[in-house]
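> predicted model follows, preceded by the sequence.
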Amino acid sequence: MIQRVYEQAQQSLTLTQVIVATDDQRIYDTVAGFGGAVVMTAPDHQNGTGRCAEVLAKTDQAPDVIINIQGDEPFIQPDQIDTLAGLFSNEKCSIGTLIKKSEDMELLQRPSIIKATVDKDLRALYFSRSVIPFRRNPDLTTTYYKHIGIYGYRAEVLREIVKLPPSPLELTESLEQLRWLENGYTIYTALTDHESIAVDVPEDVERVRSLI
């Protein structure tokens, strides 16, 4: 799976370098075995954002923007990465991510599927494991967005957000992006049409195998 994600990322037209950041020797050895670039990071990071920041700190020539691609997204598409990177052509964008419209209520009701609400300019208002927004009037047509777990950060903002302490909403939902929102950072989003199937729980492995 990690090799598939790595090779998909390498096809991006905007990434200048792809590096796997891990604290697991098995992943390190696997990536080194297929000739990929890999960095061993500290074992106490709670998420990929912290690992990205550590790799950034070890980099002599820091990039302007860092894209954080989860290693459990075997269906990530190169053009999704490029779409996310395109958000940073807007100088106001310091953090970006992707969302996808969804009408599958059975899927949306799963806590492992993160939902997002956005404003008219596609800036994130909130992320949740619950279905949001709550449709009080069943006769209304409501647009639901599934969050795709890929982030981009400007280098200086990445250095800032990893220093923030855990926030109440983050701890409640166990979603790191809520820490950024609670501290006043704006998260820009872009729409993607590609379905993303992350391996979050054991049954996801069989779903991915059947699709591949």
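Sure thing, it's come through.
> may I ask you to name the longest strand in this protein?
Longest strand of the chain, by residue count under DSSP state E: strand 144-154.
> contacting residues for the residue most central in space within the chain?
The centroid of the chain falls nearest to residue 150 when counting by C-alpha atoms, centre = their mean (2.2 Å). Taking C-beta atoms under 8 Å, 6 or more residues apart in numbering as the contact definition, residue 150 lies against 67-70, 73, 76, 80-81, 84, 97-98. Backbone N, C-alpha and C define where each C-beta goes, glycine included.
> for residue 133, state which of the residues you listed is nearest.
Of all the contacts of residue 150, residue 133 sits closest to residue 97, with 18.5 Å by C-beta to C-beta.
> surely the closest one and residue 191 touch.
No: using C-beta atoms under 8 Å, residue 97 and residue 191 do not qualify as a contacting pair, with a distance of 11.1 Å.
> who has more neighbours, those two?
residue 97 (22 against 13; other C-beta atoms under 10 Å).
> report all helices and strands that the helix or strand following the longest strand of the chain contacts.
Downstream of strand 144-154, the first helix or strand assigned by DSSP states H and E is helix 155-161. The contact analysis (3 or more C-beta pairs under 8 Å, 6 or more residues apart in numbering; DSSP states H and E) places helix 155-161 against helix 48-57, strand 65-69.
> tell me the least confident of the contacts of residue 150?
For those, the weakest pLDDT value sits at residue 73, with 85.
> sec struct for the residue lying farthest from the centre of the chain, please.
Most distant from the centre of the chain: residue 139, at 32.9 Å, with distances by C-alpha atoms, centre = their mean. Of the three states, residue 139 takes coil according to DSSP: H, G, I helix; E, B strand; the rest coil.
> give me the low-pLDDT residue ranges for this structure?
Counting by pLDDT under 70, the chain shows low-confidence ranges at 196-212.
> please repeat the previous calculation with a cut-off of 80.
195-212 (pLDDT under 80).
> strands along that one, start to end?
Taking DSSP E as the test, the strands found in the chain are 20-22, 38-40, 65-69, 95-102, 115-118, 124-128, 144-154, 187-191.
> can you check what angle separates the longest one from strand 187-191?
Inter-element angle recorded for strand 144-154 and strand 187-191: 120 degrees (by axes from the mean of the first three to the mean of the last three C-alpha atoms, to 10 degrees).
> show me which residues of stretch 176-189 are buried.
Applying a neighbour-count criterion of 16 or more other C-beta atoms under 10 Å, one finds 176-181, 185, 187-189 buried in stretch 176-189.
> identify, from these, the entry nearest to residue 103.
Distances from residue 103 to these, taken by C-beta to C-beta, are shortest for residue 189, at 18.2 Å.
> verify the contact between that closest one and residue 117 for me.
No: using C-beta under 8 Å, residue 189 is not in contact with residue 117; the gap is 10.1 Å.
> give me the common contacts of the two.
Counting by C-beta under 8 Å, 6+ apart, the shared contacts of residue 189 and residue 117 are 124, 145.
> how near is residue 57 to residue 103?
42 Å (C-beta to C-beta, to the nearest Å).
> repeat for residue 60
Distance, residue 60 to residue 103, using C-beta to C-beta: 47 Å.
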